[in-house]
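In: make a model of this:
(2 chains)
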Amino acid sequence: MGNSIFRNILRFFGLILIQSLILKRIDLSFGDFNYFNIIIYHLFILLLPLNIPRWASLMLAFALGITCDMFYDSPGLHASASVFTAYLRKPILKLLEPQGGYNINEIPSLYHFDISWVISYCAILTFTHFLWYFSVQAFSFVFFFDIILNTIFSFIISIIFILMYQFIIRPKY
Amino acid sequence: MHNLLLLFARVGNLILFVALEILCIYLIVNYNQTQKGIYINSANIISGSFYNRLNSFTEYLQLGAKNDRLAEENSKLLESLINLRSAKEIPAAQVDSTFKFKLISAAVINNSIWQKNNKITLDKGSKNGIKKGMGVINNEGIIGIISDVSDNFAAAISILNLQTNISVKLKKTLEIGELKWDGKSSKKMIMTSVPPHVSIIEGDSIVTSGFSTIFPPDIYIGSAGKVENDIRNGFLSIEVILNNNLSSIDYVYVIENIFAAEQLEIESNGQ
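Out: Numbers count the residues shown, from 1 in each chain, chains lettered A, B, ... in the order given. Down below sits the predicted model:
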């Protein structure tokens, strides 16, 4: 238990630092085409233990988002998307529940689950996270086309990084 | 109280989620300039489009009256423009006494362009001061000449008519000629009787000469197109690309030349 909390705290700050010090500075725009954004910090929410109470995951997601917002100078933006993702986590987990059910002491990572399950789990939550994030960023559905382009291209590039993280670190706790 | 606690246990997460999102939105709108701008804007987009719809509906009901008023206003403006143009050589103090054109606005109720001798019917007649022989123009060029007048209606010969013969000039060189129609295209006419020494570039402006009593001077008709030598008499004939589209005229102005009778009288005395 203590190990799990320690690992999550480490992951919290690790992901924030990677996100804000490295990934934020990567500029993937080609002329006018600047729809690539690499965002992986929400992986923290994805990798929270299965047995964590929902209210705790919401609060942690809010803390994560606000911390990230401090680096992005956009108070509330990442927090909003993170809280949304945290809220959506449970229904998605229910949707993807394997036949035998979950072992609630595990975390939804590549260490405990097979690759196709991890891909669909990460893909669904990443996509909804981005869709929410870019919608709130635009703050108006007048920019619908922009929101969709941002979501799709950022999703493509970010999901690669997220899966790389899963493969390289193979988090156990 | 017990029920309230049960309810909270059931939907507590949802309440927490909504509360956190509201907090986020509050932060976003308060601290982020872009979203603040859009927040105000979005409200405008929504309310604006609503007002727009309402307006377009009520506007539709008043369209006829509005159009009439605009046409009236236009005729006044065009009238003073034409008069000023023909009086620009005269000192300002005398301008008032030199106003010699009056404009009467009218709506086109019948129009043809596909025949050889096209005619136009207007919704105003002798009651409104329209007389035979007056010129008809719109804001883009000349339309025709009044040929018949009843109490409430007037018929005009369109310039798209084989009998048309209007005195025009090249704006640049002031060379005069006659505007005729060959019965082919509703967009093109021909300026004939231009002396062969005149140099014309495609696109030169052709305007009314103002020598007849029908049209005031310097009304833009169209631009010069191809130039051809008329073998029969050695004069040039210039294709004129009309500025106005005669197939879609709705409101026109009938021009009254106040001194027309005087001018015609002195011209016929001379012969």
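
In: name the residues of the stretch 101-250 of chain B found near chain A, please.
Out: Applying the criterion Cβ under 8 Å from any Cβ of the partner chain, no portion of the stretch 101-250 of chain B neighbours chain A. Every C-beta, even on glycine, is put in place using the N, C-alpha and C of the backbone.

In: as a check, name the ranges of all strands in the stretch 101-250 of chain B.
Out: Secondary structure of the stretch 101-250 of chain B (DSSP state E, counting those that start in this stretch): strands located at B:101-111, B:117-122, B:135-138, B:141-149, B:154-161, B:166-170, B:176-180, B:188-194, B:205-208, B:220-229, B:236-242.

In: the one helix or strand B:L16 maps to - contacts with which helices or strands?
Out: Using DSSP states H and E, B:L16 sits in helix B:2-31. Applying 3 or more Cβ pairs under 8 Å, 6 or more residues apart in numbering or on different chains; DSSP states H and E, we find helix B:2-31 packed against helix A:54-72, helix A:77-95, helix A:115-138, helix B:33-61.

In: tell me the angle the lengthiest helix in chain A makes with helix A:115-138.
Out: Assignment by DSSP state H gives helix A:144-169 as the longest helix of chain A. Here the directions of helix A:144-169 and helix A:115-138 differ by 140 degrees (axes from the mean of the first three to the mean of the last three Cα atoms, to 10 degrees).

In: pLDDT on stretch B:211-222, on average?
Out: For stretch B:211-222, mean pLDDT rounds to 87.

In: now do it: distance to the chain's middle.
Out: Centre-to-centre, stretch B:211-222 and its host chain are 16 Å apart (Cα atoms, centre = their mean, to the nearest Å).

In: other residues contacting that stretch?
Out: B:82-83, B:85-86, B:101, B:133-135, B:137, B:140-142, B:145, B:166-168, B:171, B:176, B:179, B:189, B:205-210, B:240-243, B:255, B:257, B:259-260, B:263-264 (Cβ atoms under 8 Å, 6 or more residues apart in numbering or on different chains).

In: give the buried residues for it.
Out: B:S212, B:T213, B:I214, B:F215, B:P216, B:D218, B:I219, B:Y220, B:I221, B:G222 (16 or more other Cβ atoms under 10 Å in any protein chain shown).

In: where in chain B is pLDDT low?
Out: B:33-52, B:55, B:59, B:87-99, B:270-271 (pLDDT under 70).

In: ok and the residue in it nearest chain A?
Out: B:L27 (3.1 Å; Cβ to the nearest Cβ).

In: how about that residue, what does it touch?
Out: Counting by Cβ under 8 Å, 6+ apart, B:L27 has contacts A:P75, A:G76, A:A79.

In: apply 6 Å and report the result again.
Out: A:P75, A:G76 (Cβ atoms under 6 Å, 6 or more residues apart in numbering or on different chains).

In: domain map for chain B?
Out: Chain B is divided into the following domains under automatic domain parsing: B:2-61, B:65-270.

In: tell me which of those is the most buried.
Out: Highest mean neighbour count of the domains of chain B: domain B:65-270, a mean of 17 (counted as mean count of other Cβ atoms under 10 Å in any protein chain shown).

In: distance from that one to the middle of the chain?
Out: 14 Å.

In: state the distance from the spatially most central residue of chain A to A:A61.
Out: Central residue of chain A (Cα atoms, centre = their mean): A:H42, 2.3 Å from the mean position. As defined by Cβ to Cβ, to the nearest Å, A:H42 lies at a distance of 8 Å from A:A61.

In: residue of chain A nearest chain B, please.
Out: Chain B sits closest to A:G76 of chain A, with a gap of 3.1 Å, by Cβ to the nearest Cβ.

In: tell me how far the closest residue to that residue other than its chain neighbours lies from B:R69.
Out: In space, and not counting its chain neighbours, A:G76 is closest to B:L27: 3.1 Å by Cβ to Cβ, 6 or more residues apart in numbering or on different chains. B:L27 sits 52 Å away from B:R69, going by Cβ to Cβ.

In: other SSEs contacting the helix or strand containing B:L84?
Out: In this structure, B:L84 is located in helix B:63-86 according to DSSP H and E. If you count contacts as 3 or more Cβ pairs under 6 Å, 6 or more residues apart in numbering or on different chains; DSSP states H and E, helix B:63-86 packs onto strand B:101-111.

In: mind redoing it with 10 Å?
Out: When contacts are defined as 3 or more Cβ pairs under 10 Å, 6 or more residues apart in numbering or on different chains; DSSP states H and E, helix B:63-86 packs onto helix B:95-98, strand B:101-111, strand B:135-138, strand B:251-257.

In: which parts of chain A sit against chain B?
Out: Within chain A, the positions adjacent to chain B are A:53-55, A:57-59, A:61-62, A:65-66, A:69, A:73-84, A:86-88, A:90, A:132, A:136-143 by Cβ under 10 Å from any Cβ of the partner chain.

In: would you mind checking the residues you listed for buried ones?
Out: A:54, A:57-58, A:61-62, A:65-66, A:69, A:74-84, A:86-88, A:132, A:136-140, A:143.

In: next, the contact list for the residue positioned nearest the centre of chain B, please.
Out: The centroid of chain B falls nearest to B:N139 when counting by Cα atoms, centre = their mean (3.8 Å). Shown in contact with B:N139 (Cβ atoms under 10 Å, 6 or more residues apart in numbering or on different chains): B:N74, B:S75, B:L77, B:L78, B:L81, B:I219, B:Y220, B:N243, B:N244, B:Y251, B:V252, B:Y253.

In: relative to B:A106, how far out is B:L23?
Out: Remark: distance between B:L23 and B:A106 (Cβ to Cβ) = 66 Å.

In: cool, and A:S135?
Out: From A:S135 to B:A106 the distance is 55 Å (Cβ to Cβ).
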